[in-house]
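Student: sharing a sequence plus its predicted fold:
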Amino acid sequence: MRQKVIAGNWKMHCTIPEARRLATQLTKRLDKKPAPKTRVIICPPSTALSAVSEVAKGSAVYVGAQNIAWEEEGAFTGEVSVKMIKNAGAKYTIIAHSERRKYFNETSNIINKKIKTALRNKVKVIYCVGETLDERQNNLTKDIVLNQMEWDLKDLEVTDLKNMMIAYEPVWAIGTGKTATPEQAQDVHSFIRDIVDTIFKGSPASKLSILYGGSVKPGNAEDLLSQPDIDGALVGGAALDAAGFHKIIQASEKVGKK
Ligand code: 13P
């Protein structure tokens with residue numbers, strides 16, 4: 001059975017008090033026993049990691065960063081290292097989000113180094129892939145995703161996958177209110193699982209959690225999460241509202257085992 005995951009990417013939102021408030025609202029909602037079977041992860045901005053980790057302590061909520069530097073230490077003005085986010089309580093980090101690829105020119109070479117740096121430091125990775133609207137309209141979705149995975153995951157070992165999950169986030173669905181249909185998402189998720197089994201020996205894909213991201217809301221979560229290869233969601237805007245995010249977690253709890 002694969003781990004179900006609902007992760008919230010808060011992006012560049014929330015000051016420290018705002019982050020503390022949002023995390024508190026969420027942990028209160030998840031307080032009731034039994035603890036959810038779904039792994040709940042929230043990824044605040046790096047300035048709020050420490051505060052959110054304090055709030056999350058002892059709760060069912062795990063904390064993740066949104067990015068790390070590819071180097072572990074040194075003269076890299078403005079960067080935040082894996083050791084820093086780990087020390088601030090992060091157990092996970094998102095890597096290769098499309099906004100990082102687009103606005104910060106993250107190449108496969110950089111992404112590959114970041115993944116290895118995270119794993120070497122025992123921080124789990126939420127690795128993102130996805131195509132733009134133009135690429136989808138030109139029937140290039142699978143070529144793009146395959147290309148991203150081939151280069152971004154270069155020289156990783158099959159055992160590394162135990163500490164990774166993949167998020168399929170079509171760029172055209174991010175923050176646009178346009179969600180991929182459950183069928184469109186399922187098609188790419190199953191393709192991603194096939195690629196993983198092609199790249200790595202030993203059929204590891206059956207145990208790998210693959211999340212969908214792109215305008216996931218309480219109203220569409222259950223339909224998406226019911227798909228056989230969709231194990232969770234990476235939620236942007238809707239993660240900034242504790243009640244709505246909790247509803248998405250409840251949708252995950254409701255859908256059957258895979
Ligand atoms: P939205 O849910 O706001 O579309 O963002 C998705 C996303 O980019 C999560 O990483």
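Tutor: The structure has been received and is ready for your questions.
Student: near the ligand, which residues of the stretch 151-258 of the chain?
Tutor: Residues of the stretch 151-258 of the chain that fall close to the ligand, judged by Cβ under 6 Å from any ligand atom: Glu169, Ile174, Gly175, Gly213, Gly214, Ser215, Val216, Leu234, Val235, Gly236, Gly237, Ala238. (C-beta placed from N, C-alpha, C; glycine too.)
Student: pretty sure the third one is touching Val235, no?
Tutor: No. The criterion here is Cβ atoms under 8 Å, and Gly175 misses it with Val235 at 11.3 Å.
Student: between these two, which has more neighbouring residues?
Tutor: Val235 (28 against 12; other Cβ atoms under 10 Å).
Student: in the sheet, who's paired with that one?
Tutor: Listed beta-bridge partners, Val235: Gly8 (assigned using DSSP bridges).
Student: let me see the confidence value for it.
Tutor: pLDDT recorded at Val235 is 98.
Student: same thing with Gln250?
Tutor: Model confidence at Gln250, expressed as pLDDT, equals 96.
Student: so what touches the helix or strand containing it?
Tutor: Counting by DSSP states H and E, the element that carries Gln250 is helix 242-254. Defining contact as Cβ atoms under 8 Å, 6 or more residues apart in numbering, one finds that helix 242-254 is touched by 4-6, 8, 22, 25-26, 29-30, 36-38, 40, 216-218, 221-222, 225, 232-233, 235, 238-239.
Student: out of those, which are buried?
Tutor: Those of the contacts of helix 242-254 that meet the buried threshold are 4-6, 8, 22, 26, 29-30, 36, 38, 40, 216-218, 221-222, 225, 232-233, 235, 238-239, by 16 or more other Cβ atoms under 10 Å.
Student: got a list of what Lys178 touches?
Tutor: Lys178 is in contact with Trp172, Gly214, Ser215, counting by Cβ under 8 Å, 6+ apart.
Student: make it 10 Å
Tutor: Neighbour list for Lys178: Leu133, Pro170, Trp172, Gly214, Ser215 [criterion: Cβ atoms under 10 Å, 6 or more residues apart in numbering].
Student: isn't there a strand covering it?
Tutor: No. Counting by DSSP: H, G, I helix; E, B strand; the rest coil, Lys178 is not part of a strand but coil.
Student: tell me where the stretch 151-258 of the chain has strands.
Tutor: Remark: strands assigned in the stretch 151-258 of the chain by DSSP state E, counting those that start in this stretch are 164-168, 210-213, 232-235.
Student: name the helices or strands packed onto the last one?
Tutor: Helices and strands touching strand 232-235, as assessed by 3 or more Cβ pairs under 10 Å, 6 or more residues apart in numbering; DSSP states H and E, comprise strand 5-9, strand 39-43, strand 124-129, strand 164-168, strand 210-213, helix 218-225, helix 242-254.
Student: one more pass at 7 Å, please.
Tutor: Here strand 232-235 touches strand 5-9, strand 210-213, helix 218-225, helix 242-254, going by 3 or more Cβ pairs under 7 Å, 6 or more residues apart in numbering; DSSP states H and E.
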